[in-house]
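> Any chance you can model this:
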Amino acid sequence: MQYYRDFYLDSPQNHLTTRKQESNILYGVLTYTFSSKTFMEFRAQVMNTYFLNSMRDYSDRDNDGDTEELIQWDRGIEGPRPQKLEREYEFWWLRGDDSEFREQRVKGYVLKWDITSQLHQFHLLKAGWQFNLNNTDVKDVSWSSVSDESDFALNTLRKDIWEKDDIDVGAYVQDKMEFRDALVALVGLRFDYFNPNGTGDPVLYPSNMSNPMLGYDSLGYAIFNDPLKAKPSFQLSPRIGLSHPISDKDILFFTYGHYFQRPDGRYLFSNYQYQSLTKVGNWVGNPGLKPEKTVAYDVSFEHLFTRNLKMAITGYFKDVSNLVNNEKFVFPDGTEVNQYVNGDFSNVKGAELVIQRQKVGFWSLQGNLSYSIAKGRNSSSDGVKLFPYDKKMYYLSFDRRVSSNVNIVLYSNKGWSRLKSLTQNWVGDMQYEFGSGKPFTSYGLQGASNDQRLPSFHNVDLRLSRKFALSRYSILLNIDIFNAFNNKEHYSIYTKYYDANRNSGEDNPPDIIYKEELTNLIIQTPLIYPAERQYKLGISLKF
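Below is the predicted model of the structure:
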């Protein structure tokens with residue numbers, strides 16, 4: 001009973017952060033027609049977003065009557081203080097407050113101009129440009145606590161507070177050419193420019209991560225040793241698309257293009273001023289990151305069997321470079337820092353078969369079957385660090401070799417004449433999904449990644465619905481069954497126990513999170529299994 005009072009008496013919801021999100025967009029569009037063949041469009045847009053993730057003083061622990069005020073995270077400030085976070089077996093959360101605070105404001109300004117002109121019977125020309133100015137204001141604080149509520153103290157306090165502008169500019173020109181033999185070609189060129197410095201002073205970052213800092217200024221920002229200035233990035237990207245009808249039922253497509261993707265702001269600016277560094281566990285952005293570059297092409301063939309039945313086969317290949325990874329550095333004082341770097345590359349290739357049948361009579365069908373291979377240096381920028389020691393290509397964690405989705409819909413239409421009132425207006429829908437297993441790494445394996453695969457999975461969802469007409473109104477009744485066959489195949493591996501016993505003959509399930517060898521205590525989690533079969537009844541009124 002005392003254990004219950006100590007750990008479970010207070011509602012867990014009183015110790016969870018709450019999120020607040022707001023967004024608003026104001027835009028205007030001006031279209032002007034120069035002639036019957038030429039027109040232009042100008043668009044201006046302002047977008048504001050706000051995000052707050054914080055702990056509130058739900059239980060009024062300072063007895064001031066205010067349960068909406070935020071938990072204080074600065075040292076020495078009067079007010080409600082966070083409670084120490086405690087876990088059991090490194091999994092179960094027993095008590096304590098979520099130890100984070102994040103407030104983020106983003107303002108985006110967009111100007112966009114396009115012009116379209118039918119210059120010739122066989123040439124449709126388009127051109128345009130777009131200018132984006134983004135302002136991001138971030139206050140991100142996390143902490144860990146020691147002692148108890150009566151003598152609270154902060155053990156570590158991490159701050160990441162910054163405000164930054166960045167600029168994106170794009171311009172393009174393309175020509176759609178139609179030839180007499182029905183060949184259509186779309187040829188274009190795009191220019192992309194990204195400047196992480198925005199409209200303010202240049203962003204500085206260390207040139208030598210072995211000894212990056214001279215110290216800190218009065219605001220707690222790092223003074224870098226021989227800093228570098230972030231440089232703008234730009235790229236010219238050719239784009240080509242072709243379509244050619246082979247017959248009245250067959251058509252061939254081909255596309256090729258280069259693509260430019262600026263780094264995510266988290267990788268660029270996350271604690272890029274090296275605030276509140278601790279001995280370990282530090283992650284810092286890199287304003288010197290280069291944008292990702294993708295070269296992609298695909299070939300597609302479509303065949304029309306009947307007016308309502310079509311098949312398409314597509315083969316594709318993508319090569320991606322300058323992907324973000326992380327590299328660990330150790331400073332002269334022993335501080336360890338993980339910095340985001342351009343260290344990865346990957347490629348994805350595969351083929352897909354798609355079949356579509358429009359509703360004719362009592363049924364319709366849409367399905368696809370794909371086979372793909374995704375290989376690269378690493379599956380995540382925050383994952384296992386292979387850079388720069390290993391330049392091999394591994395199967396990525398999302399490499400699902402075979403996948404398929406099939407949707408079949410049956411319609412009763414006007415029903416069976418003898419029981420027309422009961423059998424008309426029914427619709428039955430079956431959604432089938434299949435996927436081969438994704439890869440995972442053997443526990444304790446050195447020098448390799450994703451050497452094993454999870455089991456394949458399948459799932460069936462069903463829906464039965466009927467429409468009832470009542471004068472000027474109609475009622476739609478539907479019954480949904482999710483995971484109709486109650487599939488229980490796991491889609492992840494939680495810890496070492498499953499992997500270690502695959503070859504030993506022991507029957508350990510993959511959901512063990514804790515195993516005490518002396519007492520045989522085993523704790524399992526249901527989180528790695530899909531939800532069990534569920535039923536849902538819905539009614540809607542249309543008028």
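
> For the protein, just list every one of the helices.
For the chain, helices defined by DSSP state H occupy the ranges 2-7, 265-269, 420-423, 496-500.

> Would you single out the least confident of these?
Among the helices of the chain, helix 2-7 has the lowest mean pLDDT, at a mean of 45.

> Point out where the protein drops to low pLDDT.
1-12, 74-79, 89-93, 144-156, 382-391, 415, 417-418, 420-421, 447-448, 500-507 (pLDDT under 70).

> and if we set it to 50?
Applying pLDDT under 50 to the chain picks out residues 1-8, 147-152, 387-388.

> I figured Asp461 hits Asn487, correct?
No. Applying C-beta atoms under 8 Å, one finds Asp461 not in contact with Asn487, separated by 10.9 Å. Where C-beta positions appear, they are placed from N, C-alpha and C, glycine not excepted.

> For Tyr272, which non-adjacent residue is spatially closest?
Leaving aside its sequence neighbours, Tyr272 sits nearest to Gly285 (C-beta to C-beta, 6 or more residues apart in numbering; 4.2 Å).

> you'd agree that neighbour is up against Phe269?
Yes. Here Gly285 lies in contact with Phe269, judged by C-beta under 8 Å, at a distance of 4.8 Å.

> Can you check which residues contact both of those two?
Here Gly285 and Phe269 have no joint contacts, going by C-beta atoms under 8 Å, 6 or more residues apart in numbering.

> Residues contacting stretch 392-409, please?
Contacts of stretch 392-409 (C-beta under 8 Å, 6+ apart): 346-347, 359, 363-380, 383, 427-440, 448-450, 456.

> Counting neighbours, which bits of it end up buried?
Residues of stretch 392-409 classed as buried by neighbour count (16 or more other C-beta atoms under 10 Å): 394-397, 399-401, 403-404, 406-407, 409.

> What of stretch 208-227?
Neighbour counts over stretch 208-227 (16+ other C-beta under 10 Å) mark 209, 212-213, 222, 224, 227 as buried.

> Dump these into TSV; add distance to Ser243 as well.
TSV is the format used below for the buried residues of stretch 208-227 (distance: C-beta to C-beta, whole Å):
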residue	distance to Ser243
Met209	50
Pro212	53
Met213	57
Ala222	55
Phe224	53
Pro227	51
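
> Just name the closest of those residues to Asp57, please.
Distance to Asp57, by C-beta to C-beta, is smallest for Ala222 among the buried residues of stretch 208-227, at 33.4 Å.

> Give me the nearest residue to that closest one, chain neighbours excluded.
Per C-beta to C-beta, 6+ apart, closest to Ala222 is Tyr274, 3.8 Å.

> The one you found: what's it in contact with?
Residues in contact with Tyr274 (C-beta under 8 Å, 6+ apart) are 212-213, 221-222, 284, 337.

> Roughly how far does it sit from Gly198?
20 Å (C-beta to C-beta, to the nearest Å).

> what's in contact with stretch 125-138?
102-119, 160-176, 198-199, 265, 269.

> and with 7 Å instead?
104-117, 119, 160-175, 265 (C-beta atoms under 7 Å, 6 or more residues apart in numbering).

> What is the neighbour count of the residue nearest to Ser370 when sequence neighbours are not counted?
Leaving aside its chain neighbours, Ser370 sits nearest to Glu352 (4.1 Å; criterion: C-beta to C-beta, 6+ apart). Using other C-beta atoms under 10 Å, Glu352 has 18 neighbouring residues.

> Same question for the one 5 residues further on.
Each residue near Arg357 was counted by other C-beta under 10 Å, and the total is 18.

> give the contact list for it.
Residues in contact with Arg357 (C-beta under 7 Å, 6+ apart) are 308-309, 364-365.

> Buried ones from those residues, can you make that a ChimeraX selection?
Of the contacts of Arg357, the buried ones can be selected in ChimeraX as follows, counting by 16+ other C-beta under 10 Å:
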select :364
